[in-house]
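Undergrad: could you look at this predicted model? Sequence included:
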Amino acid sequence: MKVLRTPDTRFANLPDFPYPAHYVEIGETRVHYLDEGQGEPILCLHGEPSWCFLYRKLVPILSQSHRVVAPDLIGFGKSDKLAEQAAYTYSLHHDSLVAFVKALKLNRITLVCHDWGGLLGLPLAAEMSDRFARLVIMNTGLPAGEKLSPAFLEWRAFAANVKDMDIGRVIQRGCISTLSSAVISAYNAPFPDVTYKAGAHQFPLLVPITPDAPAAAPIRKARELLKGWTKPALVMFSSKDPITAGGDAFFRKLIPTAGNEPEIVIQNAGHFLQEDKGKELAEHIRRFLERRPIAQ
C-alpha cells in the first residue's frame, strides 16, 4: 500500500489556524489531530472533502471549558494519504477511528459530527457507547441503501467522473458565504496534486446506495443501537443544504433523547455550516454542554 505525506510547507500561514500539529500512528499511516483545551473531550469529525481546519471557528469557544480533539481522516488534511482509490473503504475509516479513540484514551466524549463524520462517528458512538456521553449531529445522515436525494446523486456522479477534483471550489460551492482566497487555499493545501486526492474522489462512492453496499450493514446496526440511545443528543442542520435536507427530522425521530433539545435550524448556511456560522454553532454547543452535564 503506497502512502503519501503532504509536505509541511503546504500548511504554512494558514488563516486563523495557529494550532500545533499532533500525530498518532494508526497502522501504516500517520494521523494528524488538533488538540486544544482541557477537560471532557469534544471529538469533532469532518467529512468530504474537508479537514479539521473546518472547525477552526468553533475551537476558541469550546476549548475554554473542554478539550477539543479534531482528527484528520486518512486521506485528508495533514494525515497521510493512500495512493490507490480502492484502498479507501468504510472499514478502513471506521477501524482507524476506533484505534484513534483508544490510542488517545478518550472517554466521556461529546461527538460533534458533520457529513462523513456522521456516517463514521455515529456508528462509532453506538458501538463504543461506554466512551461517549453526548451527540451533536450536523448536516449528515445514516443511509443504508435507500433512495438518496438527486443533489447527492449528482455529487456522487461528479466525484466518480471528474479527473481532478477542485477541492477549494467544492467547499466554496457548499457555502453561502464567500470564502477568502486564503481559506480556499487552506482547503487545497493537503493536496499538492491529483495523486493525493484518491480519498476525496472515493468518499462519495462509499455512501451506500444499495442495501448490500459494504457500509450498509454497519450503518443499519448503528440505527438499531441509536434507537435505544439514552444520553443527550443535539441535532442542528442548516437551512440551505440540498444534500442533507430533511435529515434533521430523521435523527429526531430515530434518537429518543434528540426530542429533549431545541429544534435548531441554522439559517442562511449551506452544507459547510461551520464556515458559514461557526461561532453560532459553537455557542449552541456550549449551551448544550452546560445544560446537559455528565454525571460524576
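TA: Structure received.

Undergrad: what ranges do the strands span in this structure?
TA: Shown for the chain, the strands assigned by DSSP state E span residues 3-4, 22-26, 29-36, 41-45, 67-71, 81-82, 109-114, 132-138, 233-238, 264-266.

Undergrad: adding distance to residue 218, write these out as a markdown table.
TA: In short, each C-beta sits where N, CA and C put it, glycine included. Output for these, formatted as a markdown table (distance: least, Cβ to Cβ, whole Å):
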| stretch | distance to residue 218 |
| --- | --- |
| strand 3-4 | 25 |
| strand 22-26 | 19 |
| strand 29-36 | 20 |
| strand 41-45 | 16 |
| strand 67-71 | 19 |
| strand 81-82 | 20 |
| strand 109-114 | 15 |
| strand 132-138 | 16 |
| strand 233-238 | 19 |
| strand 264-266 | 28 |
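
Undergrad: may I see these organised as CSV, with mean neighbour count added?
TA: Conversion of these to CSV gives the following (neighbours: other Cβ atoms under 10 Å):
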stretch, mean neighbour count
strand 3-4, 15
strand 22-26, 15
strand 29-36, 20
strand 41-45, 26
strand 67-71, 25
strand 81-82, 23
strand 109-114, 26
strand 132-138, 25
strand 233-238, 25
strand 264-266, 16
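
Undergrad: closest one to residue 206 among those strands?
TA: Distances from residue 206 to each of the strands of the chain were compared using Cβ to Cβ; the minimum, 13.3 Å, belongs to strand 81-82.

Undergrad: show me what the closest one is packed against.
TA: Secondary-structure packing of strand 81-82 (3 or more Cβ pairs under 8 Å, 6 or more residues apart in numbering; DSSP states H and E): strand 3-4, helix 198-206.

Undergrad: ok, and what's touching it?
TA: Residues lying outside strand 81-82 but in contact with it, judged by Cβ atoms under 8 Å, 6 or more residues apart in numbering, are 1-6, 29, 74-75, 88, 190, 196, 198-199.
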